[in-house]
Structure formats: C-alpha cells, structure tokens
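J.: next one to model:
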Amino acid sequence: MHLNPFAHSHGHSHGVRNSVDDALESSEAGIGALKISLAALMVTALLQAVIVWVSGSVALLADTIHNFGDALTALPLWVAFALTRRVANRSYTYGYGRAEDLAGVFIVATIFFSACVAGYESVAKLIQGSEISNVGWVAAAAVVGFLGNEVVARYRIGVGKRIGSAALVADGEHARTDGFTSLAVLVGALGVWLGYPILDPLVGLLITVAILYIVKDSALAIWRRMMDAVDPEVVDAIEGAAAGVAQIEGVESVRARWVGHRVHGEVAVRMDGAMSVAAAARVEQEVRESARRAVPMLERLVIEVAAR
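T.: The predicted structure follows:
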C-alpha cells in the first residue's frame, strides 16, 4: 500500500540531504502548478467578465466572481510553498510547513467572501428584476468557465497528489466544483431564452449555496490539518511497516501528523534488550526504510525502543 508520505534516516547525512532536495523539488512543482493554473483561471474569469458586462447576467456574475476568487486563492498557497523551501532553524525547528495550513484559512475566507457577494447580487436582482441580453454569449461563457476550471482542476490535483500536498489537491477539487457551477449558468441562460428571466438570479442563489457547501468542506479539511489529524491508513501503514521487520517484537504506539505536504511520525517498538547498539541501529534503519516504502511522503520517523 502506498500513501502520501516520506522518510529520512536520522543518523545519515545523505538521508537528510535527499529529504531536503525532495522537499525543495516538490515545492518548486507546487509553485509551477500555481503559476500555470492562476494564469488559466484569470483568463477564464476575464473572458466571463466581459460577457457579464454586455449581458447583465447575475448568474454569470456570481460564477465570474467565484472564478476570480478561485484564481486568487493561488497566491497564499504560492507564498506558503515559497516558505516551505526555507530550512528549519532554532526558532522554527520543524520548518515552515504550517504555512500551508495558514494559506488554507485564507482560502476558506476568500471562498466565503465570494459566496456573500454572489448571494447579495442575486437577491438584489430578484428584488429589482433581471434583464439579460446576448443569451448565447452567456451560454458560451458558462461553457468556457467549465472547461477552464476542469483543466485547472486536473492539473492541480495531479501535481498535488504527486508531491503530497493536500492543500493543492483540495484547491483542485474546489476548481472542479466551480466548473460544474459554471454549467449551472447554462440553466439560467436557457430559462431566459424560454421566457423565464427569474431563473437567472435563482441560479445565482443556487451557486451561492454550492459555494457555501465548499466553504463547509474546506473549513473542515483545514480544521483537521491544524488539529494534526491524519487518515487512519497512514497510521496503519507505519504500524504495519514496523511490525513487518523481523527483529521487532511488537509495536506499542504510532503517531503521525502532516507538516505542510510532508508527514512526521513517531513509533514505539519492542526489541530484544540483549541486542548490540549497532544491531539495534540497523533494525531502526530498516524500520524507517520500510515505513518510507509504505508511506512515500514520510519525511521523519522517530523510533522509541522499549527493550524486553
């Protein structure tokens, strides 16, 4: 079973160096993905904004605002990835990986703000009435919004899974949801074409509700990260890797947490007390290598030994 983590060995300088190199490489890949997806979403949102201006569609306006917001969520993640490239020091002994979690808080706040704006505009249009022109262009803009978001979603999710960044994967899933809300704008345009213009602000309100659901899911994911929650499969994989080493007589406890897009773990094991120091060190190294194969994004594994 391969999960999303990775380990360096404590007493070997080449292991530390490889760990740092891997972390730098993954952060560079994350920044590259954000640059490309930011440009793609900004182009998509700008094209939609032009059509909003000529058509007056509030549903398309809500979708456009959300797409701008989604594009801008790349900025705090960009800063976070840049910070994670900095090495740990005596003040930040675990490095700067938590910057990803802080970026996630900003992302959730941005998504919530976009929901408030979209909801306000939709309610205003319901009260004041809604007039839309160039319905064909509105439909075309909705399709553009869907395609732009889907391309970005595939790219962010792919890179996020490869480098082990839950924040980037979540942002990709967010973009994918945005793509489907863009398709909802087609319903509003169809309603106008059939003579029911009220469907346009109603679809705007439905998009607002969809955004609020994204806020709920994203906030829960960020809460779990900041509370050091991990998937049970990660703990099971580390435990299984340690128990599978021949000289390990039992695994007493396992703890793990994400620090940025890397996992730090601790495992307490039982070993023969008569084993020499050199032999025990070899067993610990074998445990770390086994755990890294099971959890590729495991950066650090602290092993506590209880001799029988």
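
J.: quick one: residues contacting I238.
T.: 254, 256, 265, 267, 291, 294-295, 298, 301 (Cβ atoms under 8 Å, 6 or more residues apart in numbering). Just so you know, the C-beta spots here come from the backbone N, C-alpha and C atoms, and that holds for glycine as well.

J.: meant to ask about A118, not that
T.: Counting by Cβ under 8 Å, 6+ apart, A118 has contacts 61-62, 65-66, 204, 207-208, 211.

J.: so what's the residue count around the residue nearest to it when sequence neighbours are not counted?
T.: Counting by Cβ to Cβ, 6 or more residues apart in numbering, A118 lies nearest to A62, which is 3.5 Å off, once chain neighbours are set aside. By other Cβ atoms under 10 Å, the residues close to A62 number 34.

J.: I figured A62 hits Y120, correct?
T.: No: counting by Cβ atoms under 8 Å, A62 does not reach Y120; the two are 9.7 Å apart.

J.: check the gap between G32 and R86 for me.
T.: For G32, the distance to R86 (Cβ to Cβ, to the nearest Å) stands at 18 Å.

J.: sorry, back to before: export the contacts of I238 to a markdown table and tack on distance to I51?
T.: A markdown table is the format used below for the contacts of I238 (distance: Cβ to Cβ, whole Å):
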| residue | distance to I51 |
| --- | --- |
| V254 | 54 |
| A256 | 48 |
| G265 | 50 |
| V267 | 56 |
| A291 | 53 |
| A294 | 50 |
| V295 | 47 |
| L298 | 48 |
| L301 | 53 |
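
J.: can you redo those residues as TSV with neighbour count?
T.: Converted to TSV, these look like this (neighbours: other Cβ atoms under 10 Å):
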residue	neighbour count
V254	22
A256	23
G265	26
V267	26
A291	29
A294	23
V295	29
L298	28
L301	29
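
J.: what's the closest non-adjacent residue to G148?
T.: Leaving out its chain neighbours, the residue that sits closest to G148 by Cβ to Cβ, 6+ apart is T44, at 3.1 Å.

J.: now do the contacts for that neighbour.
T.: Taking Cβ under 8 Å, 6+ apart, one finds 67, 144-145, 147-149 in contact with T44.

J.: only whichever of these are buried, select them in PyMOL.
T.: The buried residues among the contacts of T44 can be selected in PyMOL (16 or more other Cβ atoms under 10 Å) with this line:
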select buried, resi 67+144+145+148+149
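
J.: from the contacts of T44, pick the one nearest H174.
T.: Nearest to H174 among those: N149, at 9.1 Å, using Cβ to Cβ.

J.: so how far is R90 from A49?
T.: Going from A49 to R90 by Cβ to Cβ gives 48 Å.

J.: neighbour count: these two, which is higher?
T.: Neighbour count, other Cβ under 10 Å: between A49 and R90, A49 has more, with 16 against 5.

J.: the more buried one sits in which helix or strand?
T.: A49 belongs to helix 13-55 when assigned by DSSP states H and E.

J.: how is the chain carved up into domains?
T.: The record's domain parsing of the chain by automatic domain parsing lists 13-226, 232-307.

J.: could you dump these to JSON lines with mean pLDDT?
T.: Formatted as JSON lines, the domains of the chain follow (pLDDT from 0 to 100):
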{"stretch": "domain 13-226", "mean pLDDT": "77"}
{"stretch": "domain 232-307", "mean pLDDT": "92"}
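
J.: if we can go back for a sec, make TSV out of the contacts of I238 and add secondary structure and distance to G164.
T.: Listed next are the contacts of I238 as TSV, based on DSSP: H, G, I helix; E, B strand; the rest coil; distance: Cβ to Cβ, whole Å:
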residue	secondary structure	distance to G164
V254	strand	19
A256	strand	13
G265	strand	14
V267	strand	19
A291	helix	15
A294	helix	14
V295	coil	10
L298	strand	10
L301	strand	15
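
J.: count the residues that sit near the closest residue to G204 other than its chain neighbours.
T.: Spatial nearest neighbour of G204, chain neighbours left out: S122 (3.4 Å); criterion: Cβ to Cβ, 6+ apart. Other residues near S122 come to 24 when the count uses other Cβ under 10 Å.

J.: doesn't S122 lie inside a helix?
T.: Yes: using DSSP: H, G, I helix; E, B strand; the rest coil, the assignment for S122 is a helix.

J.: was I right about it contacting A62?
T.: Yes: with contact defined as Cβ under 8 Å, S122 counts as touching A62 (6.2 Å).

J.: any idea how far G30 is from V169?
T.: Counting by Cβ to Cβ, the gap from V169 to G30 is 11 Å.

J.: what residues are shared contacts of those two?
T.: Common neighbours of V169 and G30 are listed as G160 (criterion: Cβ under 8 Å, 6+ apart).

J.: so between these two, which is more surrounded?
T.: G30 (29 against 22).

J.: now do the same contact list for the more buried one.
T.: Shown in contact with G30 (Cβ under 8 Å, 6+ apart): 77, 81, 159-160, 163, 165, 168, 261.
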